[in-house]
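# Fold the stuff below for me.
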Amino acid sequence: MICPQAEQYPKLNSQNLKQLFRLWNQEYPLEATFQQIEELEEYLAHLQSPEHYLFFSDTKELKAWFCVFERNGLPWFAMIVDRNKQGLGWGSEILKRAQEKYEILNGWAVDHNQYQKSDGSLYPSPLGFYEKLGFRKTKQRFDQGQLSVCHIIWP
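Residues are numbered from 1 along each chain as shown. Below you'll find the predicted structure:
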């Protein structure tokens, strides 16, 4: 097993939320970060029927988050993997587990390398990673403010 078994939550407790806030702001593009933890809470509160899967290190630090939720009657997902676990198979294993459970998965992905993370490092587009796992890019886009992403779907 590359990454640990997930701990599943319908709703995150305050400790999990704090760790997710840190991970979110560390790994997502600066344009998608939250200034206050309450903004993240509000985002999560609007997700329909969320299932949060948390992956912790041996020291109980959150290293990956995967969430499946319903939008327009279809399953959608969001995922973050800590940069120190990227390239080690964590993301692939998490998605393969989800693909065993769900018949379809929808998501949004940045499809260019023009964004930076909060520490100034480049946010690499995950599109190629998703395509290797059978996702395909559609023509649908979501543009909100300075953030532009493409729709991906599996299978």
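
# going forward, measure contacts and count neighbours with C-alpha atoms only.
Will do.

# Helix or strand with the lowest mean pLDDT in this protein?
In the chain, no helix or strand scores lower on mean pLDDT, DSSP states H and E than strand 7-9, which sits at a mean of 89.

# List the residue ranges of the chain that fall below the pLDDT cut-off.
1 (pLDDT under 70).

# in it, which spans are strands?
7-9, 48-56, 62-71, 74-81, 105-109, 136-144, 147-154 (DSSP state E).

# For those strands, give me CSV that also has distance to residue 99 and mean neighbour count.
Below are the strands of the chain laid out as CSV (distance: least, Cα to Cα, whole Å; neighbours: other Cα atoms under 10 Å):
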stretch, distance to residue 99, mean neighbour count
strand 7-9, 16, 13
strand 48-56, 14, 18
strand 62-71, 11, 20
strand 74-81, 11, 18
strand 105-109, 8, 19
strand 136-144, 14, 12
strand 147-154, 8, 18
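
# For those strands, please prepare CSV with the additional fields distance to residue 130.
Output for these, formatted as CSV (distance: least, Cα to Cα, whole Å):
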stretch, distance to residue 130
strand 7-9, 23
strand 48-56, 18
strand 62-71, 14
strand 74-81, 11
strand 105-109, 9
strand 136-144, 8
strand 147-154, 8
